[in-house]
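[1] predicted model, plus sequence, below.
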Amino acid sequence: MIAHIVLLKWKPGVSEEQVLDAFSHARHIPNEVPGVQRISIGRHYGESKHGFTHAISVHLDDEHALENYMTHPARLEYLAQYLDPIEEERIEIDVPTTMTLRPDPRRNWEWGASVGMGPPLED
């Protein structure tokens, strides 16, 4: 799995309603672009000096799906029509999943890992 992560900073004067409207137009992308598992969209909780207030995380099957997604007409049209007109700056990174950490219910406050992290549990 690869996560295509996008951080967004909006042009001055862009309202939250405009941002939500732009995001609502992304609903069709997972159904139109092969290899897209899901798209998660969210707003930064706190205030920060960098000005990036929203993030989009696109979860894709593999590198081939990422390549297809990046050049797919549905994505390019969405960007041109809805995001480009209101965004000031965008940061994009592609992160393959190399490790997943999950809480282990057999450990009270410690975290277990899915790839051999930490000492073995005693049963």
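    That came through, no problem.
[2] dump the residue contacts of the residue nearest the centre of the chain.
    Nearest to the geometric centre of the chain sits Ser57, at 0.8 Å (Cα atoms, centre = their mean). The contact partners of Ser57, by Cβ atoms under 8 Å, 6 or more residues apart in numbering, come to 3-6, 39-41. Where C-beta positions appear, they are placed from N, C-alpha and C, glycine not excepted.
[3] try Val6
    Contacts of Val6 by Cβ under 8 Å, 6+ apart are 55-58, 90-92.
[4] recalculate using a threshold of 10 Å.
    Contacts were defined as Cβ atoms under 10 Å, 6 or more residues apart in numbering; by that measure Val6 touches 41, 52, 54-58, 79, 83, 87, 90-93.
[5] most surrounded residue in these?
    Val58 (27 neighbours; other Cβ atoms under 10 Å).
[6] shouldn't that residue be in contact with Arg75?
    Yes. Contact status for Val58 versus Arg75: in contact at 8.8 Å, counting by Cβ atoms under 10 Å.
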